[in-house]
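>>> Predicted model, plus sequence, below.
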Amino acid sequence: MTLQILKSLLLVCIVSSTIAYIGYKNTSKSFVEFFIISTILQFVFFYFYNSIIAYVTRLKLEKQNLDTIQLMNTNNVLIDCSSCKKTNNVRVVLTESNDFVCEHCKTENGLDIQFNTITKTKIYE
Ligand SMILES: [Zn+2]
């Protein structure tokens, strides 16, 4: 981390020196003026650049998290086709209609989900 910062600072100094040298040779302004201005401009530029990169990365991570949560909210069930009676692996999402096409006979199937309750019993020893 510290090494990376030192590398970045060195790079900024090299770029500033180059710009300052070119500016100093071609205008009446001094080397130090060009050096300071180009260093400040680089810091400002990289501040905004890093902010944008961090923002984009955060958006990507949030979308990835959302996708993961959505995936966790789905379940796969093994269910027989209504036509050929062969087993299909179907993703079930409770908030959507769960139609599927049979992998074997290509028949379009709808999924009828029913919920039943059971009484849980305890076995006393
Ligand atoms: Zn089928």
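Thanks, I have it.
>>> Flag every residue of this structure that's near the ion.
81, 83-84, 102, 104-105, 107 (Cβ under 5 Å from the ion). In short, each C-beta sits where N, CA and C put it, glycine included.
>>> As CSV, the residues you listed with pLDDT, secondary structure and distance to Lys63 would be great.
Listed next are these as CSV, based on pLDDT from 0 to 100; DSSP: H, G, I helix; E, B strand; the rest coil; distance: Cβ to Cβ, whole Å:
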residue, pLDDT, secondary structure, distance to Lys63
Cys81, 96, coil, 35
Ser83, 94, coil, 38
Cys84, 96, coil, 39
Cys102, 96, coil, 33
His104, 95, coil, 35
Cys105, 96, coil, 37
Thr107, 95, coil, 35
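>>> nearest to Arg58, of these?
Cys102 (42.2 Å; Cβ to Cβ).
>>> Check the gap between that closest one and Asp112 for me.
15 Å (Cβ to Cβ, to the nearest Å).
>>> neighbour-wise, which of the two wins?
Cys102 (19 against 7; other Cβ atoms under 10 Å).
>>> Who's the closest spatial neighbour of that one, skipping the chain neighbours?
Cys81 (4.1 Å; Cβ to Cβ, 6 or more residues apart in numbering).
>>> Gly23 now?
Using Cβ to Cβ, 6+ apart, the closest residue to Gly23 is Phe34 (3.8 Å).
>>> Near the one you found, how many other residues are there?
By other Cβ under 10 Å, 22 other residues sit near Phe34.
>>> Can you name every helix or strand that whichever strand or helix holds it contacts?
Element membership for Phe34 (DSSP states H and E) is helix 31-72. In terms of contacts (3 or more Cβ pairs under 8 Å, 6 or more residues apart in numbering; DSSP states H and E), helix 31-72 is packed against helix 2-26.
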